[in-house]
Structures are given as structure tokens and as C-alpha cells.
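Chemist: Return atomic coordinates for the entry below.
(one chain, ligands or ions: 1)
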Amino acid sequence: MNPASVTLALLAVSTSLSSAPIASNRWYDHAVIYEIYPRSFQDTNGDGIGDLNGITARLDYLKELGVDAIWITPFFPSPNFDFGYDISDYTSVAPEYGTLHDWNKLVAEANKRGIRILIDFVLNHTSDQHPWFKESRSSRTNPKRDWYVWRSGGGPDQPPTHWTSIFGGYTWTWDAPTTQWYYHIFLPQQPDVNWRNPQLRNAMYNVVRFWLDHGASGFRLDATPYLFEDPAFPEDPHPPQPGAEAALKPYNSGRPENHEVLREMRKILDSHPGNPVLLGESSTATIEDLAKVYGTNHDEIQLPMDFLFGNLTTLDAAVFKKQVDAAQLQLGGQTPVFFFSSHDHPRQWSTFGDGAHNDQIAKLTAALTLAQHGCVLLYYGEEIGMGTMPADQLKTVPIGPKRPRADDRDGERTPMQWDLAKNASFTNGEPWLPVETGADRYNVATEKQNPDSIYSWYSKLLKLRHDDAAFREGAYIPLDSGNRDVFAFGRKAGSGEMALIVLNTSPKDQTVSITGTSGGWPNFRKLLMASPQAELPTSQTFTIAAYGVMIATTE
Ligand code: GLC
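Modeler: Predicted structure coming up:
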């Protein structure tokens, strides 16, 4: 055991009076939730597409890494116009991912290891191939007609409004046989359901009950802001250009009716054992709007993802501080949810890397999220510094049965890099998407051997979150580093130790003069982690290396 591990082992003993997060009823307040894109994690049947059995096979890896829960993106039957986010059957497993039996096995094995499983619930829309929509579009008088959002507009050339969809084009598609338009905030193959219809609502809640009964510990709720539209469907005098900016208009998102649905859903969860959780894809324009997503009585989404932080793409201490302070101090004490990368967001190593110090910067962004008070989402492969596949390389990847269509986001969806074997041991067959070129250096097996690797860094951070009271349950303490290139903050649990985290986002060494610690400058006695190597600060003024990370404690 090296001295650092001895220190951590001692800390674990000395703090064992507090309950471990997994045992507490608010286990999620402090969880690391590992996002798995199942298509790309581990293939076990040689078809080149990851599967549920592959996740089961890698649970020991996840346990050793120290994650509390996994969130698996959709693995349900789907025509894959949006890679699983267009569901045609909510209560089955798509054949390429396995069977319900495989799911049950995954749950049983995850339970044994104390790992909870969240599934993706795409509740704003279904696939246009879902039997509900097929019925709905079959005639104007079909009992399920009202399960979706139909309007007549001014006939085939005149949509009801000129609202723009997030994926481009209008939010309306004309259905010639029934001479009406149906509404979709995403693709035409993803019609929005009508949450105002009680039968639809009940059918959706039955999906929730089904997966809770089958061992899910909660749901990542897809696209939650968009469940309702303004019933007056007002025309937008300045329709946005198609694209992301189409989102978050007062008429298409964040409607007051959302709250009622989320409260109802939360009630269903609360009536189930095991403290299941709702993790929301809750984009908001402001921190005040984000605070509302938890519910006025904290009775809606326990974990709304903070996109104001997650959408940041520039390495800038001052901006990080502003957004973290907001999340930690302006959400009324509710649990913030930090993330940077996901199946929709390019990877940290590529986004924040400057081309020369990417590994060090990856360690910095890891500490920035994982040292926070709150819940952290960790996208598979971030812990080994996987890169985003560049767009020009992505363009050369053929389209075929395994990859029915190209998606700009495929760059961050490449196969997990396990070791140096062919296809990084993701598959014995031909992978649906090639393994990223960095795999010979950035893979689990190689990095586990190296105490300075990105993997080893992540692994230490995760241990710290479990074993050290300040990192496990400590409050966030805003500090002023006196230097706009350096973000410093503290963590402190009750009257216990105080931890100090210092992050230099600039390519130069920086001198800081830290203020904001109550009762003067604490006596920091131990360096818990530092990259590059650093001295323990003996006063509030000290120098931190270019892109340096330093974590110290008074313990
Ligand atoms: C969410 C998903 C994204 C998907 C979209 C439409 O934003 O994260 O991948 O394309 O919903 O379902």
C-alpha cells in the first residue's frame, strides 16, 4: 500500500460513524452515476453492438471504480432514427441488447454489488412506429387519436404554427390520410405524446411501474421541459433558425403543467421501496428556473441535470466558479447535478484539451466535478480520457445495418476501450462504430498499471468521495482565490476537517491569495491529491502550476 492509500484507509476508518451514501434514503444526493451507452460498452455475442450481458460482465469493473449507480440510455425496441430515443415498445428489450431475462440478471448482479440502475424514460415522444401512434394516426376518430398532438392548421401547406423543431424543420408533419398535422419537438419520427390525455398519462405511468417492479432504481427523464405546449399554439413572430436555439421557448417548454406530471410520477416512485430517483434532462435558461424543477415542496425531480454548467465548453476558472457557486448556493440547498460529457455532449478530454496538455486538463475537469458537493454524472470512458472521434474520421465510417444512419454525436459514442486487444476488447466481431484511435494509450488495462494515469486519478477521486467525510457529506464553501484563472473552493462536514480544492485553468503557473475561509487560514496538514506534484500550502498565498490541481485537508 502506498502512503496515500494508507491515509485514505485511515480516513475511511475514522469517518465510519457517518452512514455510507448507498445506505441512506437520500443515497442519490451524493452519488456518482455512471452513464452507459449500451451500444458501445461491451458486446458479448459478437454482433458488434454492446448488450445488457456486456454490462453485467463489467459490473466488477464499475464496482472497483466506485460508482454508486449506472444510467443506461435506451435499450428498448426502436427503429433507431434517434438511436433508441424513438421507442416502439416501452416494456421490452431490443433484440440487439438482449432479453428481459438478461435485464433481470443484470439487476440481480448489480444488487449484489450495491450498484443501482437507472433507465432512460423517453416520455415526451414515442417512435412513429409505436402501436399507440399507429392507432392514433389511423383515423381522426380512433380512441388513441388524442394520445398525440394533432391540429388541422390551414391545410397541407399551412402548418398550425411556424415553430421550429430542435432537429430542424417545423415541429409539424402533415398526415395526408387524415388531413391533419402532428406535433414533434424532435424528428418527425418522434411524435410528441399528449400528456393532457388521462389514458396516455396512465399508460406512461404503467411503464414507470413496470420498470420499478423489474428492479429499476429510478429514471433519467428525457427531454422533460417539453412535455406540454401552450394550448393556444400562438404563432412565433420571430421563429428561430432550426437547431438547438429552437428549444426553450415559452410556448414549447417549461410549461406550468409539467409540474403536475412530475409530482404524479414522483408519487409513484415514493410509493416504491428502495428510494428510487428521478434524474431529469432539465435544460433551463436560468438557475432560478432550475430551482423550480425540484418542485416547490421538493416533490418533483430529485436530480435535475444542470445544463448551465454542463453546457460550458471553455476552460475558464472564473466561469466555472460563477456557475458552480450558482448551483451550490442558489438552488435552495437542493442537490446540484454536475456533468460535462454525455451521449449528447463531446468528451471532456477533447472539449477542454489544448492539444498539448489534454491529460492534465482531463484530471482538472475530473476534480472540478467529482470534488463537488452533490451528484455527479460520469459518462463511460471519461475515466480513461477517451477522446471524441473527429468529424472528418466519423464521415468515413460506413452506414449499414449496424449503423443505419450517421449522427454528429457518434463521435462521443465510440466503443469503450478496455485493453490493447483487437477492438479494445469491446467486441469479437466488427464494431458498429470503430474504436477511437487513442485506444492504444487510453484503455483500462494500460492505465490501471500506471499510478499517474487518468484512470488512477479518477479512481482516487471516487475513493475520496466515499471515504472522506468532507467529500462525502461536506458542504460547499465558496472561496476567493484572488486570481481569475484559479478556481478555489472548500468542503467541510459539520465541525470536521476542511478540504481545499484549487484548480488552475491557465497554461501558466499562478499565484493565489485565498480568502473566504472562516476564522482565518486553516492549518492544512495533508495533501490528498495533486497533479502535477505540489507542496502543501502553508499560507493563503502560494503558487499553483499551469493546469494544476491541488487537494489538501486539515485532517
Ligand atoms: C434527449 C436525448 C437525446 C435525444 C433527444 C430526443 O435530448 O439525450 O439523445 O436525441 O432527447 O429524444
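Chemist: For the stretch 251-400 of the chain, what lies in contact range of the ligand?
Modeler: For the stretch 251-400 of the chain, the contact set with the ligand under C-beta under 6 Å from any ligand atom comprises 281, 343, 344. Every residue, glycine included, has its C-beta placed from N, CA and C.
Chemist: So what's the residue count around residue 332?
Modeler: Using other C-beta atoms under 10 Å, residue 332 has 10 neighbouring residues.
Chemist: Name the nearest residue to residue 553, ignoring sequence neighbours.
Modeler: Leaving out its chain neighbours, the residue that sits closest to residue 553 by C-beta to C-beta, 6 or more residues apart in numbering is residue 499, at 4.7 Å.
Chemist: cool, residue 44 as well?
Modeler: Closest residue in space to residue 44, ignoring its immediate chain neighbours: residue 53 at 4.4 Å, by C-beta to C-beta, 6+ apart.
Chemist: which residues does that neighbour contact?
Modeler: 44, 45, 98, 102, 105, 106 (C-beta atoms under 8 Å, 6 or more residues apart in numbering).
Chemist: Weed out the non-buried ones from the residues you listed.
Modeler: With burial judged by 16 or more other C-beta atoms under 10 Å, the buried subset of these is 44, 98, 102, 106.
Chemist: Narrow those residues to those in strands?
Modeler: Within those, no residue falls in strands by DSSP state E.
Chemist: Just to be sure, residue 502 is in a strand?
Modeler: Yes - checked against DSSP: H, G, I helix; E, B strand; the rest coil, residue 502 lies within a strand.
Chemist: mind checking the SS state of residue 143?
Modeler: The three-state label for residue 143, taken from three-state DSSP, comes out as coil.
Chemist: Pull the contacting residues for it.
Modeler: Per C-beta under 8 Å, 6+ apart, neighbours of residue 143: 135, 199.
Chemist: swap in the one 5 residues further on?
Modeler: For residue 148, the contacting residues are 132, 133, 136, 137, 182, 183, 191, 192, 193, 194, taking C-beta under 8 Å, 6+ apart as the criterion.
Chemist: Just the element for the first one, please.
Modeler: Translated: residue 132. Residue 132 belongs to helix 131-138 when assigned by DSSP states H and E.
Chemist: how many neighbours does whatever residue of the stretch 251-400 of the chain ends up closest to the ligand have?
Modeler: Relative to the ligand, the nearest point of the stretch 251-400 of the chain is residue 344 (4.7 Å; C-beta to the nearest ligand atom). Number of residues near residue 344 (other C-beta under 10 Å) recorded here: 15.
Chemist: The chain should start at 28 in everything you say after this.
Modeler: OK, 28 is where the count begins now, so the last one is residue 371.
Chemist: Could I get the pLDDT score of it?
Modeler: If you check residue 371, the pLDDT there is 97.
Chemist: doesn't residue 436 make contact with it?
Modeler: Yes - if you go by C-beta atoms under 8 Å, residue 371 and residue 436 touch, sitting 5.8 Å apart.
Chemist: Which helix or strand lies directly C-terminal to the longest helix seen in the chain?
Modeler: The helix that spans the most residues within the chain, counting by DSSP state H, is helix 225-240. Using DSSP H and E, the helix or strand that follows helix 225-240 in sequence is strand 245-248.
Chemist: So for residue 174, what's the pLDDT?
Modeler: Note on residue 174: pLDDT of 99.
Chemist: should've said residue 545
Modeler: 86.
Chemist: The one 4 residues further on too?
Modeler: Model confidence at residue 549, given as pLDDT, is 95.
Chemist: gap between the closest residue to it other than its chain neighbours and the ligand?
Modeler: Excluding the flanking residues, the one nearest residue 549 by C-beta to C-beta, 6+ apart is residue 581, at 4.8 Å. Shown here: residue 581 relative to the ligand, a distance of 41 Å by C-beta to the nearest ligand atom, to the nearest Å.
Chemist: Give the phi and psi angles for the closest residue to residue 337 other than its chain neighbours, as a check.
Modeler: Nearest residue to residue 337, sequence neighbours excluded (C-beta to C-beta, 6+ apart): residue 366, at 4.9 Å. When read as degrees, to the nearest 10, the backbone of residue 366 gives phi -160, psi 160.
Chemist: check contacts around residue 366.
Modeler: Residues near residue 366 by C-beta under 8 Å, 6+ apart: 332, 333, 336, 337, 372, 396, 403, 404, 405, 406.
Chemist: quick check, nearest of the residues you listed to residue 468?
Modeler: Distance to residue 468, by C-beta to C-beta, is smallest for residue 406 among these, at 19.1 Å.
Chemist: Isn't that closest one up against residue 62?
Modeler: Yes - using C-beta under 8 Å, residue 406 is in contact with residue 62, at 4.8 Å.
Chemist: who touches both of those two?
Modeler: In terms of C-beta under 8 Å, 6+ apart, residue 406 and residue 62 are both contacted by the residues 369, 370.
Chemist: Straight-line length of stretch 144-160, end to end?
Modeler: One end of stretch 144-160 to the other measures 29 Å (C-alpha to C-alpha, to the nearest Å).
Chemist: buried residues in that stretch?
Modeler: Residues of stretch 144-160 classed as buried by neighbour count (16+ other C-beta under 10 Å): 144-157, 159-160.
Chemist: quick revisit: using TSV, please lay out the contacts of residue 80 together with pLDDT and distance to the ligand.
Modeler: Shown next, in TSV, are the contacts of residue 80 (pLDDT from 0 to 100; distance: C-beta to the nearest ligand atom, whole Å):
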residue	pLDDT	distance to the ligand
71	98	24
72	98	25
125	98	21
129	98	23
132	98	26
133	98	21
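Chemist: And the strands in the stretch 78-227 of the chain, which stretches?
Modeler: Here the stretch 78-227 of the chain has its strands, by DSSP state E, counting those that start in this stretch, at 96-99, 143-148, 177-178, 199-202, 207-210.
Chemist: And for the residue of the stretch 78-227 of the chain found nearest the ligand, the neighbour number?
Modeler: Closest contact between the stretch 78-227 of the chain and the ligand, by C-beta to the nearest ligand atom, is at residue 112 (3.3 Å). Look at residue 112: counted by other C-beta under 10 Å, it has 23 neighbours.
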